[in-house]
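Asks: My questions concern the predicted model and sequence given below.
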Amino acid sequence: MSKNLVLSLCALLVSGCGSEQSSTSSLQTRGAALQQSAATHGYEVELSAGEEVLIEPGAGHQVIGYLDGFYTHFQPGLVRGSVQMDVDAASASGPSDSVDDGQLALQLHDGTNWIDHTVRNVRLTESFYGEVSNTLPVSIPVRFEIRVRRRAHETRRVHVSFARLFGAQCYPDMSQPFACL
């Protein structure tokens, strides 16, 4: 997947979102880039359009891409990963009948490894949009991972139109410290 990201960092202002910037951060520094603004409590990370991935023959699921982020907030909140992609219609076996042909996962980092927190099995169609979301704890690295099931004797192509990782934004409640409106 492309390393070019569009980071939309929402500032701690009642008026709404702050700046939008483009980044070519390496995979290791994406989380740190989201932490740089202490006033940032919401974020959105997006991959650029036009990613095409080859699904090699085999067994199990192939990871076709992921987005890393860091959920900084002072209370648990909603984090959502979404993807839109097109599956090659010319594949030999046609559309999928399998309910777990694709997987969308939110993963948390335990200090050593990425661990699945929420996994949604999906049936891929020729044109597919899907999302997975859950309430996550505060100040934690999070990853949105997109997986496609391999087929034993078939190579497939998947075109990712967009993939997005979004964290809830907090508008501080000035009458109650450490609370959101």
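Replies: Sure, I can see it. Numbering: from 1, shown residues only.

Asks: can we go C-alpha only for contacts and neighbour counts from here?
Replies: Will do.

Asks: How much space separates Glu154 from Val122?
Replies: Using C-alpha to C-alpha, to the nearest Å, Glu154 is found at 20 Å from Val122.

Asks: Look up how far Asp173 lies from Val136.
Replies: Wrong residue type there; residue 136 is Leu, not Val. From Leu136 over to Asp173 (counting by C-alpha to C-alpha), the distance is 20 Å.

Asks: out of the two, which sits in the more crowded spot?
Replies: Leu136 (21 against 12; other C-alpha atoms under 10 Å).

Asks: which other residues reach stretch 137-148?
Replies: Stretch 137-148 is contacted from outside by 31, 55, 61-77, 81, 101-109, 114, 165, using C-alpha atoms under 8 Å, 6 or more residues apart in numbering.

Asks: mind listing the strands for the chain?
Replies: 5-10, 20-23, 42-47, 51-55, 61-71, 77-87, 102-109, 114-122, 127-136, 140-149, 156-167 (DSSP state E).

Asks: Run me through the strand neighbours of the longest one, direction for each.
Replies: To tie it back to what came earlier, the one meant is strand 156-167. Strand 156-167 pairs in its sheet with strand 42-47 (antiparallel), strand 51-55 (antiparallel), strand 77-87 (antiparallel), by DSSP bridges.

Asks: any idea of the angle the last one forms with strand 127-136?
Replies: Calculated by axes from the mean of the first three to the mean of the last three C-alpha atoms, to 10 degrees, strand 77-87 forms an angle of 160 degrees with strand 127-136.

Asks: Alpha carbons of strand 77-87, in PDB - could you do that?
Replies: The C-alpha coordinates for strand 77-87 follow below in PDB (Å, rounded to 0.1, in the frame of the first residue of the first chain):
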ATOM      1  CA  GLY A  77     -14.100   6.400  22.200                       C
ATOM      2  CA  LEU A  78     -15.200   5.100  18.800                       C
ATOM      3  CA  VAL A  79     -12.500   4.100  16.300                       C
ATOM      4  CA  ARG A  80     -13.600   3.100  12.800                       C
ATOM      5  CA  GLY A  81     -11.800   1.600   9.800                       C
ATOM      6  CA  SER A  82     -13.400   1.600   6.400                       C
ATOM      7  CA  VAL A  83     -12.400   0.500   2.900                       C
ATOM      8  CA  GLN A  84     -13.800   0.600  -0.600                       C
ATOM      9  CA  MET A  85     -12.400  -1.800  -3.100                       C
ATOM     10  CA  ASP A  86     -13.200  -3.600  -6.400                       C
ATOM     11  CA  VAL A  87     -12.500  -7.300  -6.800                       C
END
